[in-house]
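Student: Predicted model and sequence follow; I will ask about them next.
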Amino acid sequence: MSDLYEYELGHASTVLCRDLLGLKEGETCIITADTESDFRVVNATASAAFSCGAKPMVITIPAPLGVGKAADPMLPSGALTAALKEADVWIEFNNKWLLYSTPYDIALEENPKMKHQCLVGMTSEMMVRCIGRIDHGLLSEFLKRVKDLTVRAKQWRFTTPAGGDVEFENSADKNRVYGMDDGYAREPGSHMMSGQIGWTPEWDTINGTIVFDGSISPPIGLLSKPVSLEVKRGNVERIEGGKEAGVFESWLKSFDDPQMFILAHVCWGFNPGAKLTGDILEDERVWGATEWGLGNIGSCLVLPDGIPAASHTDGICLNTSAWLDGEQLLREGEVVHPDLSDMARELLM
């Protein structure tokens, strides 16, 4: 297994460092990993960064028991923060994400030149499928067109074969941000793997049934049975399904925070290589899926400071059908919009 995709992994790491990050001669590139990371990915990327003329530095920590600020007590925060404050580029390959941790917050605030690429939990296979084999230029153009349609639309309806049927409206609030991840990280700030567009609708208009039939992370991962959420005015009022529905509801209640039952955002998934694996980084980019988040809303979506909550969770709705102002964009996961269908077919070839 150590030779799995050995050559393809070298190509994918070169695409990441040369094409997406645009690493330059002499730049300091810090790669963070933990003891749950795929070190074939880590080492291949460090080699590719070095080949670009950059100065790679790999920092490996014991895998924390939590993510974000929940990881803070287990981090060598002083040393890690000091290193990140000097980085030109930071690639996150740790499985337990440092995104939104205290070292992350300080590094982004005090190192405004830093480009951060969040690729948490990246595996060799995922890197080959979702980075190395993608036409990133074409995907970027496709995502820009989808984002334009998304921003302009007012009335929305999503359905899924699993029983989902939810309607909502986009917000006219100028503090709502429409984020797009096309994989390119040429500008300072945080960037994610390609294939996602996310935004926060007008909460009071979100009504209907949302059915997660892919995964929920945290606290479950891959689902064995769908979990149904009855939503009124953006608030989850009832959760139904099998045993996993009970686990999910209990987890949300454990925080004793009403914000954990409020929908935080919705996202399109459009990475041609993504598969449902239980890794949320990949699951939320499965082609034709939609993702709903609950709980904390980051400042990247609601300016200026987001909306705090005790935690955050994301659930995947597979094979979505979607209508924007009555015009159909997706039919059970297939792109049918006349301005997008040809590009979608080319990307999926």
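Tutor: Now that the structure is in, tell me what you want to look at.

Student: what's the distance between the residue nearest to G132 when sequence neighbours are not counted and L21?
Tutor: Excluding the flanking residues, the one nearest G132 by CB to CB, 6 or more residues apart in numbering is A12, at 2.9 Å. (Glycine included, C-beta is placed from N, CA and C.) To L21, A12 is 13 Å away according to CB to CB, to the nearest Å.

Student: The helix or strand hosting the residue nearest to G132 packs against which elements?
Tutor: Assessed by DSSP states H and E, A12 sits inside helix 6-14. With contacts taken as 3 or more CB pairs under 8 Å, 6 or more residues apart in numbering; DSSP states H and E, helix 6-14 sits against helix 39-51, helix 124-127.

Student: With respect to burial, which of those helices scores highest?
Tutor: Highest mean neighbour count among the helices and strands packed on helix 6-14 (mean count of other CB atoms under 10 Å): helix 124-127, with a mean of 23.

Student: in the protein, which ranges drop under the pLDDT threshold?
Tutor: By pLDDT under 70, the low-scoring segments of the chain are 1-2.

Student: thinking again about what came up before, tell me how many other residues crowd the residue nearest to G132.
Tutor: A12 has 26 neighbours, counted by other CB atoms under 10 Å.

Student: Which strand or helix spans the spatially most central residue of the chain?
Tutor: By CA atoms, centre = their mean, the chain has its centre lying nearest to L281, at 5.0 Å. Counting by DSSP H and E, the element that carries L281 is helix 280-283.

Student: after that helix, next one along is what?
Tutor: Immediately after helix 280-283, counting by DSSP H and E, sits strand 290-297.

Student: Name every strand pairing with that next one and say which way it goes.
Tutor: Here strand 290-297 is paired, per DSSP bridges, with strand 263-269 (antiparallel), strand 307-317 (antiparallel).

Student: Kindly state which of those is positioned closest to L229.
Tutor: L229 sits nearest to strand 307-317 of all these, at 7.8 Å, using CB to CB.

Student: re earlier: could the strands paired with strand 290-297 be laid out in JSON lines, adding distance to E141?
Tutor: Putting the strands paired with strand 290-297 into JSON lines (distance: least, CB to CB, whole Å) gives the following:
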{"stretch": "strand 263-269", "distance to E141": "15"}
{"stretch": "strand 307-317", "distance to E141": "25"}
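
Student: how far off helix 39-51 does the helix holding A12 point, in degrees?
Tutor: 50 degrees (axes from the mean of the first three to the mean of the last three CA atoms, to 10 degrees).

Student: how far does helix 6-14 sit from the chain's center?
Tutor: For helix 6-14, the separation from the chain centroid amounts to 22 Å (computed by CA atoms, centre = their mean, to the nearest Å).

Student: How far does the helix holding L281 sit from its chain's centre?
Tutor: That offset, for helix 280-283, works out to 6 Å (CA atoms, centre = their mean).

Student: Could you number the chain from 2 rather than 1 from now on?
Tutor: That works, and once the first residue is 2, the last one we named lands at helix 281-284.

Student: List the buried residues for that helix?
Tutor: I281, L282, E283, D284 (16 or more other CB atoms under 10 Å).

Student: how about the residues you listed in a markdown table, adding distance to I132?
Tutor: What follows is the buried residues of helix 281-284, written out as a markdown table (distance: CB to CB, whole Å):
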| residue | distance to I132 |
| --- | --- |
| I281 | 17 |
| L282 | 11 |
| E283 | 11 |
| D284 | 16 |
